[in-house]
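Peer 1: Sharing a sequence plus its predicted fold:
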Amino acid sequence: VRVGGRGVDTALFDPARRSEALRERWGAGRDTLTCLYVGRLAPEKNLSLVQQTFASILAASGDARMVWVGDGPARKALATEYAGQIEHHFAGTRTGEDLAAHYASADLFLFPSLTETYGNVVAEAMASGLAVVAYRSAAAAELIACGENGVTVAPGDASAYVAAAVALAAQPLQLKTVAHAARRSILPRSWES
């Protein structure tokens, strides 16, 4: 008898799916920091912290994009709040290779949910070569070695979450190092493995 952990499709979720054409549709240039959220757009996902974090990143950098992938009861209000702002892109629900391209084409994955039983999106983002900022719970607690292949903070500490994301976003070389480490660390968790 042995415990079998969760896996992730590392062939589908792969940094090689990065698309400059997709980034252009988001209004992001080659060097524009692009943050990503993937999941249900609902209050229980702590989306207000995504908003607060991205606003802080944008204020610090002057140029960034926030891509929202998913649908749910909060989508209409979010889209209305950011209507006409090029910094926010609402991609709707994506699946398969299209979803994988959205992951791989971003730079920083923001996932502040406190209601996950696991959170498959954390593993998908890491497999896609993204640096992840999350609370130290569920999948993030299991998969992320803080500072090495992602960043975690104590659950519920919103100010630490924002500070960690802003600090990582401000260091492009560190962001890339963490992203590469995320991909390497998740490869042993392919479904085949």
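Peer 2: Looks like it came in fine. Residues are numbered from 1 along each chain as shown.
Peer 1: Now name the helix or strand holding the nearest residue to residue 66 once chain neighbours are set aside.
Peer 2: Counting by C-beta to C-beta, 6 or more residues apart in numbering, residue 66 lies nearest to residue 54, which is 4.4 Å off, once chain neighbours are set aside. For every residue, glycine as well, the C-beta is placed using N, CA and C. Taking DSSP states H and E as the definition, one finds residue 54 inside helix 47-61.
Peer 1: now that helix, how far from the chain's geometric center?
Peer 2: Distance of helix 47-61 from the chain centroid (C-alpha atoms, centre = their mean, to the nearest Å) equals 13 Å.
Peer 1: show me what contacts the residue nearest to residue 66?
Peer 2: Contact analysis of residue 54 by C-beta atoms under 8 Å, 6 or more residues apart in numbering lists 35, 64, 66, 87, 110.
Peer 1: Recalculate using a threshold of 10 Å.
Peer 2: Applying C-beta atoms under 10 Å, 6 or more residues apart in numbering, we find residue 54 in contact with 35, 37, 64-66, 68, 87-88, 108, 110, 162, 165-166, 169.
Peer 1: next one: residue 171
Peer 2: Residue 171 makes contact with 177, 178, according to C-beta under 10 Å, 6+ apart.
Peer 1: tell me the phi and psi of it?
Peer 2: Per-residue torsions, residue 171: phi -120, psi 80 (degrees, to the nearest 10).
Peer 1: Model confidence for it, exactly?
Peer 2: With respect to pLDDT, residue 171 has a value of 97.
Peer 1: Now do it against residue 32, distance only.
Peer 2: Separation of residue 171 from residue 32 (C-beta to C-beta, to the nearest Å) stands at 16 Å.
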